[in-house]
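> the following block contains a protein sequence and its predicted model.
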Amino acid sequence: MKRRFAAAVIPLTVAGLVVSACSSGKSSGGSGGKPVFKIGYEGPLSGGNAQLGLNMKYAVQLAINEANAKGDLPFVLQYTEADDQGSGDKSPAAAQQLIDDKQVMAVVGPAFSGATKAAEPKFADADLATVSPSATSPALATFGWKTFFRIVADDNAQGPADADYAVNKLGVKNIFAIDDASAYGQPLEQAFENQAKKDGAQVTHQSVPGTTQCQAGSGNTQQYPAVATTIKNSGAELVFYAGYYCDFALLAKALRQAGYTGKLFSDDGSLDPKYIEQAGASVAEGTYISCACADITTNPKAQSFVTNFKKLAGFDVSVYSAEAYDATNVIISVLKELGPKATRAQVVDKLRTVDYQGITKEVKFQSNGNIAGSAVYIYQVQNGKIVSLGLSS
Amino acid sequence: MCVTQHFWDFFVSGLANGFVYALIALGYTLVYGVLQLINFAHSEVFMSGGFGGLFVINFAIGSRHPHGLSSVWFVLVGLAAGAVTGGIVAYILERVAYRPLRRRNAPKLAFLISAIGMSYFLYNLAGKEFGRDARTMKPPFTVSPNKPLFTVFGAPVNLYDAVIAVSAIAMLILLDRVVQRTRLGQGIRAVAQDADTAALMGVNIDRVIAQTFILGGLLGGAAGFLFGLGTAGVSYTMGFTPGIKAFTAAVLGGIGNIRGAMLGGLLLGVVENLSSACFGASWVDVVAFYILVLVLLVRPMGLLGERLGRSA
């Protein structure tokens, strides 16, 4: 009885496997013989920073949908994603997921600097181009990865621009600068501090590790009252926080409770309406936030992007949506030029010489992957909303 | 020196943190006393108390801006909601994760793994159901920033600290009375001292153990609400670090010793704050654990010793 059963099952199983292998082979060919090119997105899709990741994901999808709808492509574009939770621990695995999918021709991302640092060696080995809309750590351009590109100006521009603004425009002489001990916050704070000291301000620095509210940090959510007391006792007129919005909200609340009356200043990691929600409108009022990203809603040429994004995502464009849109479109323009026989290595080489007019800026890359040209914008929380004050100088 | 200037500022805010640690530490110590088990899922009891308090308070407050006597009422509602949620989760933990193992006389390691597994399950469930972002709690009282309630030796005490301190002290006194004066307390102390003899004396072991878990859960859940109040935010990951810190505090004071857990919690809160003042926030964990190691080297049973059975 057993032997007969096995004799029936085995050929059936083999047949089933053969059929499924054949059919999956067919689907990978794409519809009507056109190859399928996937553009991958790597960023935080879960965890405390998920909102920043979602801002970019829908922009990538929108660009792909629009390109497919035009109907003039010799290939079919598809979207795929990998969630790295914005963390350097999770990003190598997420990167491997994208690398292993042979249809992925280029990646928009990784969104965060720490994640990029951990994953880029894998991408470089696999010759898979990554165009990051938001990783701003300056060090990323120094490792010699030929697959690394970024649309956004790095913190070497943001830090000093912030320092100049604080000392020269806001006129503060006593600054307390804090970093969240992350690959993003630390170099930004360093750049800020160096420039602020050059401008003649007195800067006290402390490293306060980010907590698990925002990222996989080692800090303790209850540590902020003590830090706030230290800051208040130092007589600082301005607090500069290099980190992300959840922890900045906790710090801001603790500062106001401790009786600190000076100014608050943070960077693009805090440029999110959730900062106002988590800190409370009265605490957040007047906070300055800098970003190398422009406020796309005031750009008349980008109105259709703003409307279509809202239709697709269900929420308004936010920080780095436009940069992610441009990053995707740069990749699509390169793939169009290379045609249906494009390979990953060709994409990398073509990106090196691309010159594309995006909705945020003209996209041209330096030899180390940095964007050519830079600008930093200053925003302020006014009446519960984030308002653009324009360029920092 | 870093501790002579503004010492009281840091001491007072350290006490506020310390009270939260003390309340959580009691959960660990009570369960260890009766079961010789470290309930690693207790951090999730704390977290669920935070969410329970958050939902009830946000629903109760609605769009009001409470002040005066209604604030007191809302705080009590929040505490009760947090405590009840914590108690329920703790009871479920006991029935689902530990009692079946007790029935089978499982080795101690199985309890440990069950605890860690439940911890992962609960906090991932919370993350999936309640979202990954921190949730804000509507304040049950209006606080004017920059104006402390009163000062102690020059240290400003704001309303949040005062509420946390008063609630915590009330609950600690209540717990002390329960353990010393009631039959339940007698039962807990008996089982902690010698479970077999207690059973021979007619103590229902299973009931006492379940009630111990509930007691620890009530305190941990209320601590979750107070924590959310102080930081005005509750998130699914909020249990992890305070749970570890509170467990450390319980060991510092003497694991199994109720007054030890209270002392350990307060001490740890103050030491953490002072080390933040002296060495900077990134050194806090280093200093805190270094002190724990030193204490345990000199006194391995903790500051106040280990026995719950004795009336200390």
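Perfect, thanks for sending it. As the structure is a prediction and not an experimental result, all values here were calculated from the model.

> tell me which element residue A:114 falls in.
Assigned by DSSP states H and E, residue A:114 falls within helix A:113-126.

> how about that helix as CSV, C-alpha atoms only?
C-alpha atoms of helix A:113-126 as CSV (Å, rounded to 0.1, in the frame of the first residue of the first chain):
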residue,chain,number,x,y,z
SER,A,113,22.9,57.3,5.7
GLY,A,114,23.5,54.5,8.2
ALA,A,115,21.7,52.1,5.9
THR,A,116,23.6,53.2,2.9
LYS,A,117,26.9,52.8,4.7
ALA,A,118,26.1,49.2,5.6
ALA,A,119,24.6,48.2,2.3
GLU,A,120,26.6,50.0,-0.4
PRO,A,121,29.6,47.6,-0.5
LYS,A,122,27.1,44.9,-1.5
PHE,A,123,25.6,47.1,-4.2
ALA,A,124,29.1,48.0,-5.5
ASP,A,125,30.0,44.3,-5.7
ALA,A,126,26.9,43.5,-7.6
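
> after it, next one along is what?
Criterion used, DSSP H and E; the element after helix A:113-126 is strand A:129-132.

> partner strands of that next one and their direction?
As defined by DSSP bridges, the strand partners of strand A:129-132 come to strand A:104-108 (parallel), strand A:148-150 (parallel).

> what's the closest of those to residue A:156?
Among the strands paired with strand A:129-132, strand A:148-150 comes nearest to residue A:156, with 12.1 Å by C-beta to C-beta. Heads up, the C-betas are built off the backbone N, CA and C, glycines and all.

> pLDDT on that closest one, on average?
Average pLDDT, strand A:148-150: 93.

> picking up where we left off before, now the strands paired with strand A:129-132 in TSV, with mean neighbour count?
Converted to TSV, these look like this (neighbours: other C-beta atoms under 10 Å in any protein chain shown):
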stretch	mean neighbour count
strand A:104-108	28
strand A:148-150	25
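
> which residues does residue A:155 contact?
Taking C-beta atoms under 8 Å, 6 or more residues apart in numbering or on different chains as the criterion, residue A:155 is in contact with A:136-138, A:184, A:187-188, A:191, A:267.

> one step back: from the contact counts, what lies against the helix holding residue A:114?
Secondary-structure packing of helix A:113-126 (3 or more C-beta pairs under 8 Å, 6 or more residues apart in numbering or on different chains; DSSP states H and E): strand A:36-43, helix A:91-100, strand A:129-132, strand A:148-150.

> quick one: secondary structure of residue B:38?
coil (DSSP: H, G, I helix; E, B strand; the rest coil).

> I figured it was touching residue B:30, is that so?
No: between residue B:38 and residue B:30 there is no contact under C-beta atoms under 8 Å: 11.7 Å.

> more neighbours: the two, which one.
Legend: neighbour count by other C-beta atoms under 10 Å in any protein chain shown for residue B:38 and residue B:30, higher for residue B:30 (30 against 20).

> spatially, what comes nearest to that one if we skip its sequence neighbours?
residue B:216 (4.5 Å; C-beta to C-beta, 6 or more residues apart in numbering or on different chains).

> over to residue A:124?
Once flanking residues are discounted, residue A:124 sits nearest to residue A:145: 4.3 Å by C-beta to C-beta, 6+ apart.

> pLDDT wise, what is that neighbour at?
What the model reports for residue A:145 is a pLDDT of 93.

> my read: it touches residue A:119, true?
No: between residue A:145 and residue A:119 there is no contact under C-beta under 8 Å: 10.2 Å.

> higher neighbour count, the two?
Neighbour count, other C-beta under 10 Å: between residue A:145 and residue A:119, residue A:119 has more, with 27 against 19.

> which ones are touching the closest residue to that one other than its chain neighbours?
By the measure of C-beta to C-beta, 6+ apart, the closest residue to residue A:119 outside its immediate chain neighbours is residue A:95, 3.7 Å from it. For residue A:95, the contact set (C-beta under 8 Å, 6+ apart) comprises A:42, A:82, A:84, A:107, A:110, A:119, A:122-123.

> tell me the contacts of the most centrally placed residue in chain A?
Nearest to the mean C-alpha position of chain A, by C-alpha atoms, centre = their mean, lies residue A:111 at 2.9 Å. By C-beta under 8 Å, 6+ apart, the contact set of residue A:111 is A:42-44, A:52-53, A:56, A:84, A:86, A:132-135, A:320.

> same list (the strands paired with strand A:129-132) but as JSON lines, adding distance to residue B:235.
Output for the strands paired with strand A:129-132, formatted as JSON lines (distance: least, C-beta to C-beta, whole Å):
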{"stretch": "strand A:104-108", "distance to residue B:235": "28"}
{"stretch": "strand A:148-150", "distance to residue B:235": "30"}
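
> which of those sits closest to residue B:66?
With C-beta to C-beta as the criterion, residue B:66 lies closest to strand A:104-108 of those, at 46.9 Å.

> name the residues that touch the closest one?
Contact with strand A:104-108 is made by A:37-42, A:56, A:60, A:80, A:95, A:98, A:123, A:128-133, A:324, A:327-328, A:331, A:334-335, A:342, A:344, A:347, A:351, as judged by C-beta under 8 Å, 6+ apart.

> and what of stretch A:265-277?
A:51-52, A:134, A:136, A:155, A:158, A:162, A:166, A:184-185, A:188, A:238-246, A:248-249, A:284, A:287-293, A:318-320, A:379, A:381, A:384-386, B:133, B:136.

> show me which of the residues you listed are buried.
Among the contacts of stretch A:265-277, those classed as buried by 16 or more other C-beta atoms under 10 Å in any protein chain shown are A:51-52, A:134, A:136, A:155, A:158, A:162, A:166, A:184-185, A:188, A:238-246, A:248-249, A:284, A:287-293, A:318-320, A:379, A:381, A:386, B:133, B:136.

> just the ones of those residues in helices?
Among these, DSSP state H puts A:51-52, A:155, A:158, A:162, A:185, A:188, A:245-246, A:248-249, A:284 in helices.

> that older thread, which of the contacts of residue A:111 lies closest to chain B?
residue A:44 (9.2 Å; C-beta to the nearest C-beta).

> beta partners for residue A:150?
Bridge pairing for residue A:150 - DSSP bridges - gives residue A:132.

> for chain B, see how far away it is.
26 Å (C-beta to the nearest C-beta, to the nearest Å).

> thinking again about what came up before, out of the contacts of residue A:95, who has the most neighbours?
residue A:110 (33 neighbours).
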